[in-house]
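need a structure here:
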Amino acid sequence: MLNVIFLKLITPLTQVTPPEPVLPRPTIESIQENLSSDGLIPTHWLLIAAGMVLLLLSALSIANWWKHRGENAHPLLVFSNTAQIVGLSYRQRWALLKVARNQSLASPLTLMLCATTFDHHVRGYLESCLSLRRESARRQLQDIRVALFSDPPQAVTA
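Numbers count the residues shown, from 1 in each chain. All right, here's what the predicted structure looks like:
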């Protein structure tokens with residue numbers, strides 16, 4: 001009886017199953033041969049069609065961008081144009097940009113709207129400047145204040 005049980009347990013282990021056949025991987029040549037066989041479209045026509053679809057999608061994307069290109073707000077462009085109209089030099093525009101960044105303003109246009117706002121933020125900027133740079137920055141910002149508001153710089157002091 002023990003012999004029968006042993007044979008039933010060992011028999012499945014001793015039977016060797018044949019390995020699964022390994023199919024060869026398709027190569028580019030075999031794919032091209034299958035695609036260009038009778039009844040199917042040749043490969044070069046498929047590539048031309050895919051290229052035309054990509055070209056069409058690119059053209060539509062560019063047309064859509066061109067149509068909507070002016071809809072986004074450009075505060076720095078507005079600032080640059082306004083500063084140019086007022087007559088500020090590039091160096092003065094750069095100084096206003098530095099003040100706006102230092103004071104965490106959304107746009108340097110804020111500084112150009114009101115003399116009180118300008119004075120408040122310039123005062124904060126000058127306090128954060130190094131003492132060597134502070135005097136030249138103060139003079140430059142006084143010139144900007146005169147150009148913007150046409151009144152003497154009363155409150156621009158460090």
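
and the residue nearest the centre of the chain, which of the three is it?
With distances taken as Cα atoms, centre = their mean, N72 lies nearest the centre of the chain, 14.8 Å away. Of the three states, N72 takes coil under DSSP: H, G, I helix; E, B strand; the rest coil.

now do the phi/psi pair for it.
Main-chain dihedrals, N72, degrees, to the nearest 10: phi -80, psi 150.

which strands or helices does the helix ranked longest in the chain pack on?
The longest helix of the chain (DSSP state H) is helix 43-68. Applying 3 or more Cβ pairs under 8 Å, 6 or more residues apart in numbering; DSSP states H and E, we find helix 43-68 packed against helix 28-35. Where you see a C-beta, it was placed from the backbone N, CA and C, and this is true even at glycine.

quick one on the thing from earlier: next, the buried residues of the helix or strand just after the longest helix of the chain.
Where DSSP states H and E defines the elements, the next helix or strand beyond helix 43-68 is helix 75-86. If you call a residue buried by 16 or more other Cβ atoms under 10 Å, then helix 75-86 has these buried ones: F79, S80, A83.

out of those residues, which is nearest to I48?
S80 (46.4 Å; Cβ to Cβ).

may I have the predicted confidence score for that closest one?
Reading off the confidence values, S80 has pLDDT 89.

how about the contacts made by it?
R93 (Cβ atoms under 8 Å, 6 or more residues apart in numbering).

for it, give its distance to W94.
Look at S80 and W94: by Cβ to Cβ, to the nearest Å, they are 11 Å apart.

swap in L46?
According to Cβ to Cβ, L46 stands 55 Å off from W94.

and what of S136?
Distance of S136 to W94, computed by Cβ to Cβ: 13 Å.

those two - which one has more neighbours?
A count of neighbours by other Cβ atoms under 10 Å puts W94 above the other of S136 and W94, at 13 against 10.

before we move on, back to that, could I get the buried residues of helix 75-86 as CSV with distance to Y125?
Output for the buried residues of helix 75-86, formatted as CSV (distance: Cβ to Cβ, whole Å):
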residue, distance to Y125
F79, 17
S80, 20
A83, 17
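
what's the closest of those to L109?
With Cβ to Cβ as the yardstick, the closest approach to L109 among those comes from F79, at 5.0 Å.

just for the chain, where's the confidence low?
Scanning the chain for pLDDT under 70 picks out the ranges 1-19, 31-42, 151-158.

go again with 90.
1-47, 49, 65-82, 86-87, 106-107, 110, 113-114, 128-137, 147-158 (pLDDT under 90).
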